[in-house]
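J.: no FASTA, just this:
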């Protein structure tokens, strides 16, 4: 019977194939760490311009997306450890203590 040896071989090598191609959860993107921001807004919007003005931050591109009230998240783990109920983004500049992140791109986990 040809079916039996082929099926046996497929079952026998499946763990090897799974080990050869592990799935890794993404924790970073090309611009930085994945963050959960409570709000995103354009730097040109009234609220974005006001926030940048209060913090004394100057951006070159008024169309850049800002993340407001951001915190880093981890997508590794079980349950809700990587959950973000707001806006999941990657930002170029997160050096302002989480209050505002600059150059953000929305992502899906």
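T.: Nice, thanks for sending it over. Bear in mind the structure is a predicted one, so any value in this text is a computation, not a measurement. Residues are numbered from 1 along each chain as shown.
J.: so what does the longest strand along the chain touch, helix or strand wise?
T.: In the chain, assigned by DSSP state E, the strand with the most residues is strand 32-42. Of the remaining helices and strands, those touching strand 32-42 by 3 or more CB pairs under 8 Å, 6 or more residues apart in numbering; DSSP states H and E are helix 46-55, strand 65-72, strand 87-93, strand 100-106. Every C-beta, even on glycine, is put in place using the N, C-alpha and C of the backbone.
J.: need the ones you listed in a markdown table with mean pLDDT and distance to residue 37, can you?
T.: Output for the helices and strands packed on strand 32-42, formatted as a markdown table (pLDDT from 0 to 100; distance: least, CB to CB, whole Å):
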| stretch | mean pLDDT | distance to residue 37 |
| --- | --- | --- |
| helix 46-55 | 94 | 12 |
| strand 65-72 | 93 | 3 |
| strand 87-93 | 91 | 5 |
| strand 100-106 | 93 | 7 |
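J.: returning to that earlier point: each with direction, which strands does the longest strand of the chain pair with?
T.: Neighbouring strands of strand 32-42 in its sheet, by DSSP bridges, are strand 28-29 (antiparallel), strand 65-72 (antiparallel), strand 87-93 (antiparallel).
J.: below-threshold pLDDT in this protein: ranges please.
T.: 1-28, 75-82 (pLDDT under 70).
J.: next up, the contacts around residue 108.
T.: Taking CB atoms under 8 Å, 6 or more residues apart in numbering, we find residue 108 in contact with residue 88.
J.: confirm it sits in a strand?
T.: No. Going by DSSP: H, G, I helix; E, B strand; the rest coil, the assignment for residue 108 is coil, not a strand.
J.: now the strands paired with strand 32-42 as JSON lines including distance to residue 106 and mean neighbour count?
T.: Supplementary listing: the strands paired with strand 32-42 in JSON lines, determined by distance: least, CB to CB, whole Å; neighbours: other CB atoms under 10 Å:
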{"stretch": "strand 28-29", "distance to residue 106": "11", "mean neighbour count": "12"}
{"stretch": "strand 65-72", "distance to residue 106": "8", "mean neighbour count": "21"}
{"stretch": "strand 87-93", "distance to residue 106": "6", "mean neighbour count": "21"}
